Structure formats: C-alpha cells, structure tokens
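Chemist: My questions concern the predicted model and sequence given below.
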Amino acid sequence: MGLLLAATAAHAQLPEIRFEAEDFAQVTGGEVRVLDRPEASGGRCVSYWEEPGVALTCAFEVTETGEYCLTLGYACQWPDTRRQVSIDGEVVPGLEDVLLPGTGSWADFRAITLAGPDGGRARIPLTAGAHTLTLANVDSRGVAWDYALLHGSETLPADAPLSDEELRELAEELPAAAARLLLGEVAEGDLHSGDVTVAMRSSGGVAAFRVGDVFFGMPGRDRGVASETIVRAVELRGLHGRWLAPPDRFGTAFVLLTDGASLYCCGARAGSMPPTRAVHPPLVQWRQGRPWLLAPEPLRRAAAGARQVMIGDVAVSADARFRPSVASAGFPILALMWTPLSVGGATVAAWKIGPPVTPGNSAIAGRVVGEEVVVRSSGYMYPALAQFYGMPQFEVRVRPDASMTITTDAGEMLELPAP
Ligand SMILES: [Ca+2]
C-alpha cells in the first residue's frame with residue numbers, strides 16, 4: 001500500500017540555471033565570509049552576512065528567454081531573515097523584502113521558491129544573455145546562502161506558493177470531490193470531525209482528505225462510477241468513521257477513523273496486496289493561510305527508511321518502514337510505499353496522519369499476533385497524555401478473512417464483517 005504525492009501539471013519546460021552563492025562576482029556595502037560546509041551544495045556557502053546593506057551579486061547566463069521562478073538554498077538559525085532581490089541592478093517588483101523562514105540551525109540547508117505579489121511563485125522575465133542576481137541584507141540577521149536556481153513553473157525543486165488562480169487550476173486537475181475539498185468546501189456526505197475531513201466520492205470511495213493544514217488528494221479525473229463501494233458509518237466513543245468494502249470480494253476493505261485530530265486507516269484483503277497500490281497523495285499545505293504545493297524530493301529524502309515522516313505539523317506514519325520513490329505519470333509522483341503485514345492468506349496495511357505527540361510514540365504500530373494482525377493507534381502513549389490530547393487509543397484486530405474487530409481502551413468493541 002502506498003501514499004502518493006502528485007505535483008504540478010506539465011507546461012513548456014525552461015532550462016534550469018543554477019549557480020553557487022560562493023561563486024559570487026561582487027560584494028558591496030561590507031564583508032561576508034565563504035565557509036566550508038559539507039551539508040551545502042558544492043560543500044560551501046556564504047555566511048557572516050549580518051549587516052544591513054551588504055549585497056552579494058552573482059553572474060549567470062540565460063540561454064532561453066522566459067519567465068523564471070527563483071529558488072534559493074540556504075540555512076538560517078534565526079527564526080527568519082529578509083533579503084531584497086535585484087536582477088541586473090534593478091529591484092524585482094514584489095521581491096523588495098523577501099522573508100526567508102529559519103531552518104532550525106546553520107547546518108540545516110533547505111530551499112524555498114520565492115513568492116511574488118499575487119501570492120503565487122514570483123515570475124521573473126529574463127532574456128537570453130548575461131545577467132546578475134543580487135541579494136541585499138535588509139535586516140540585521142545573517143543567512144548562510146548556498147545556491148540559487150532559476151527554473152520554469154513546471155519543476156518543483158522546493159515547496160512552491162500557489163496564487164488563488166493556480167489553486168483553482170490545480171483543483172481542475174482533480175476529481176470533483178477532491179476539488180471541492182481543496183477549495184475549502186465540505187459536503188454533507190463527507191467524513192468531517194475537528195481538523196479532519198475526508199471527501200467522499202458519490203460512488204462511496206475516498207477522493208481526498210485534509211488533516212490540519214495539509215491536503216492529500218489523488219491526481220486524475222473521476223473515471224466514472226462502474227460500481228458502488230459498500231459504505232457503513234462507524235461510531236465508537238470519541239471516534240467517527242467509515243467502513244468501506246469494495247464491490248468485488250478480492251478488493252481491499254478498509255476502515256477510516258478520526259478522533260478530530262488524526263486520521264487512521266486500516267486496510268485488509270483476503271489475498272496478497274500489491275505493494276505499489278496508490279492511495280492518497282499529500283499535495284498542498286496551508287502556511288499562514290496561503291496554499292503551498294509540496295515538492296516531492298524533500299519528502300522522499302525525509303521518508304526513506306522511516307516509519308514516520310513530517311509534513312508541516314502533521315506526521316504520516318505506517319505500520320512498516322517507507323520505501324519512497326519518485327515516478328512520473330503525467331505528474332511527478334512521490335510514492336510512500338511499504339510492505340503490508342500478512343497473516344494466513346490475508347494482507348493488512350495501516351497508516352495514520354495527525355499531530356505527533358511526545359513523550360511516547362504516537363505513530364501507528366502493527367504486528368502479527370498468532371492468527372491476527374493487531375494494529376494499535378499509537379506505538380505507545382501514556383493514557384493520561386492520550387486523554388489530554390483527546391486521542392482515544394484503540395486497536396484493530398484483523399483476521400485472515402479480512403474481518404476486523406475494533407476495541408477502544410474504554411472497552412468498547414465493534415465487529416466489522418469480512419468484505
Ligand atoms: Ca554552495
């Protein structure tokens with residue numbers, strides 16, 4: 001079973017222009033230092049750049065005229081810092097005072113694609129030929145600048161801010177139920193509780209969901225409704241959910257549960273489960289109210305070999321280690337795959353998306369116990385802590401015929417039949 005991340009649709013491609021900050025042509029208004037940093041691109045970066053008015057200029061060549069997005073790689077231990085961006089000595093409109101969020105430490109290098117005046121990515125018109133890029137310090141905080149990348153809007157080297165128009169365009173690429181959730185609309189048949197919304201298709205399947213500030217959806221349009229999924233509402237103390245059974249008995253039945261903070265899913269089938277099965281791609285995250293399209297590559301690196309990966313403030317966890325891969329299917333796609341557990345002839349895969357809770361281990365956990373697969377809503381959380389966060393603890397026992405029993409820590413029990 002897997003999670004998919006879909007990025008942006010393809011447009012005419014511009015060549016990528018990349019240059020290292022440490023190869024700067026000129027520094028004015030003061031001094032900077034070039035530092036050796038193994039974490040940085042090219043092993044070096046420019047730092048000690050605290051004085052306002054100090055400006056660094058890099059020279060670069062453009063081979064193809066077009067409107068370019070600008071991505072900067074940097075590290076910053078301050079909560080944030082600001083820089084002014086100029087091209088050929090002229091300040092770029094909308095980039096007079098660019099906020100670079102802190103990365104946590106001077107060794108933690110990240111990239112950001114700069115936003116323009118409409119809230120979407122800045123588009124910088126560049127003609128073929130020689131140009132310069134200047135970053136000027138407009139506050140009194142340092143930044144370790146690593147590199148700059150100019151690229152077309154079809155590539156996503158880093159998370160990219162979306163304008164309202166780009167958000168609507170993205171919605172048009174999605175199935176209707178996913179599109180309305182992306183645009184903030186909750187329908188009557190949706191599973192909705194607290195910070196969690198699951199957009200249900202009219203056929204009964206899941207189109208997309210939102211947990212906290214992160215939207216997860218599937219690329220592609222509705223393929224038409226060939227058959228109806230059997231759907232049953234599930235209500236346990238503190239938990240709302242749906243049990244969904246496929247129209248044919250070889251499909252995967254799954255139970256979706258939410259406590260209003262996290263979304264839990266446990267899927268089972270009486271037979272083998274394809275490991276590359278596509279389920280739900282993370283796509284867009286809201287930051288200070290603005291939507292950002294998430295780049296696959298940083299998530300791919302964060303997920304490699306992990307049981308849990310952070311997307312903004314929410315953690316995605318599975319009952320086994322992720323094996324992420326980036327594929328292309330019209331969209332750049334990050335598949336977060338893992339191997340389902342098996343018992344008898346049945347296979348079981350479980351995942352959870354929600355805020356991480358510490359101390360303890362709030363990631364979902366699954367193991368084979370005798371003739372059953374037992375999935376716990378959290379690896380281990382102190383009961384008092386779970387109560388404090390309003391996260392009911394429960395377990396799902398799955399038998400070889402893919403029937404399930406859900407038991408809460410309060411002793412409530414619910415039987416779900418074999419599909
Ligand atoms: Ca560098």
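Modeler: Now that the structure is in, tell me what you want to look at.

Chemist: burial count for the nearest residue to S193 once chain neighbours are set aside?
Modeler: Distance criterion Cβ to Cβ, 6 or more residues apart in numbering; nearest residue to S193, sequence neighbours excluded, is G260 at 4.3 Å. Every residue, glycine included, has its C-beta placed from N, CA and C. Neighbourhood size, G260 [other Cβ atoms under 10 Å]: 17.

Chemist: again, but for G217
Modeler: Residues near G217, counting by other Cβ under 10 Å: 29.

Chemist: same check, this time on A128
Modeler: A128, neighbours per other Cβ under 10 Å, totals 11.

Chemist: give me every residue that touches the residue nearest to S193.
Modeler: S193, G194, D195, V196, H240, G390 (Cβ atoms under 8 Å, 6 or more residues apart in numbering).

Chemist: That one: which element?
Modeler: Using DSSP states H and E, G260 is not contained in any helix or strand.

Chemist: Tell me the spacing between it and V196.
Modeler: Separation of G260 from V196 (Cβ to Cβ, to the nearest Å) stands at 6 Å.

Chemist: re earlier: which one of the contacts of G260 is nearest to E51?
Modeler: Using Cβ to Cβ, D195 comes nearest to E51 of the contacts of G260, at 42.8 Å.

Chemist: which residues touch the closest one?
Modeler: By Cβ under 8 Å, 6+ apart, the contact set of D195 is V211, G212, G260, A261.

Chemist: Model confidence score at it, please.
Modeler: pLDDT, D195: 95.

Chemist: Tell me the secondary structure at the residue lying closest to L414 once chain neighbours are set aside.
Modeler: Spatial nearest neighbour of L414, chain neighbours left out: I406 (4.6 Å); criterion: Cβ to Cβ, 6+ apart. Under DSSP: H, G, I helix; E, B strand; the rest coil, the three-state class of I406 is strand.

Chemist: so what's I406 bridging to?
Modeler: V396, L414 (DSSP bridges).

Chemist: ok, it - how many residues close by?
Modeler: 24.

Chemist: my guess is it contacts E395, does it?
Modeler: Yes - I406 is in contact with E395 according to Cβ atoms under 8 Å; the separation is 7.5 Å.

Chemist: interface residues of the stretch 101-250 of the chain facing the ion?
Modeler: Within the stretch 101-250 of the chain, the positions near the ion by Cβ under 5 Å from the ion are D146, Y147.

Chemist: let's go with 8 Å and repeat that
Modeler: Residues of the stretch 101-250 of the chain found near the ion (Cβ under 8 Å from the ion) are W145, D146, Y147.

Chemist: buried subset of these?
Modeler: Buried members of these, counted by 16 or more other Cβ atoms under 10 Å: W145, D146, Y147.

Chemist: Go through those residues and flag which are in strands.
Modeler: W145, D146, Y147 (DSSP state E).

Chemist: Could you list which residues are in contact with the last one?
Modeler: Applying Cβ under 8 Å, 6+ apart to Y147 gives the contacts R18, F19, E20, A21, A40, S41, G42, L72, G73.

Chemist: Filter these down to just the buried residues.
Modeler: Buried members of these, counted by 16+ other Cβ under 10 Å: F19, E20, A21, A40, S41, L72, G73.

Chemist: I'd guessed the third one sits against L56; true?
Modeler: Yes - A21 is in contact with L56 according to Cβ under 8 Å; the separation is 6.7 Å.

Chemist: Does R37 touch E22 like I think?
Modeler: No - checked against Cβ under 8 Å, the pair R37 and E22 is beyond contact range at 9.6 Å.

Chemist: Give me the common contacts of those two.
Modeler: R44, C45.

Chemist: who's more crowded, these two?
Modeler: E22 (24 against 19).

Chemist: picking up where we left off before, may I see the contacts of D195 organised as TSV, with pLDDT added?
Modeler: As requested, the contacts of D195 are exported to TSV (pLDDT from 0 to 100):
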residue	pLDDT
V211	95
G212	94
G260	94
A261	93
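
Chemist: most surrounded residue in these?
Modeler: That'd be V211 among these, by other Cβ under 10 Å, with 27 neighbours.

Chemist: which residues does that one contact?
Modeler: By Cβ under 8 Å, 6+ apart, the contact set of V211 is D195, V196, S262, L263, V314, I353, G354.

Chemist: Give me the pLDDT value at the residue nearest to L414.
Modeler: At I406, the model reports a pLDDT of 96.

Chemist: Low-confidence ranges, the stretch 201-350 of the chain, go.
Modeler: Applying pLDDT under 70 to the stretch 201-350 of the chain flags residues 218-227, 248-250, 273-282, 327-333.

Chemist: could you pull out the strands for it?
Modeler: 206-211, 214-217, 230-236, 239-245, 253-258, 263-269, 282-287, 290-293, 308-311, 314-318, 323-328, 332-337, 341-343, 346-354 (DSSP state E, counting those that start in this stretch).

Chemist: Which among the ones you listed is found nearest to E166?
Modeler: Of the strands of the stretch 201-350 of the chain, the one closest to E166 (Cβ to Cβ) turns out to be strand 290-293, at 7.9 Å.

Chemist: Report the buried residues of that closest one.
Modeler: With burial defined by 16+ other Cβ under 10 Å, the residues of strand 290-293 counted as buried are P291, W292, L293.

Chemist: for stretch 156-164, same thing?
Modeler: L156, P157, A158, D159, A160, P161, L162, S163.

Chemist: just the contacts of D195 now: which is nearest the ion?
Modeler: G212 (33.7 Å; Cβ to the ion).

Chemist: That closest one and P356, how far apart?
Modeler: G212 is 11 Å from P356, by Cβ to Cβ.

Chemist: so what's the nearest residue to E51 once chain neighbours are set aside up against?
Modeler: The shortest distance from E51 to any non-neighbouring residue, by Cβ to Cβ, 6+ apart, is to G30 (4.6 Å). The neighbours of G30, taking Cβ under 8 Å, 6+ apart as the test, are E51, G53, V54.

Chemist: Switch those over to TSV; also include distance to the ion and secondary structure.
Modeler: TSV is the format used below for these (distance: Cβ to the ion, whole Å; DSSP: H, G, I helix; E, B strand; the rest coil):
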residue	distance to the ion	secondary structure
E51	21	coil
G53	23	coil
V54	18	coil
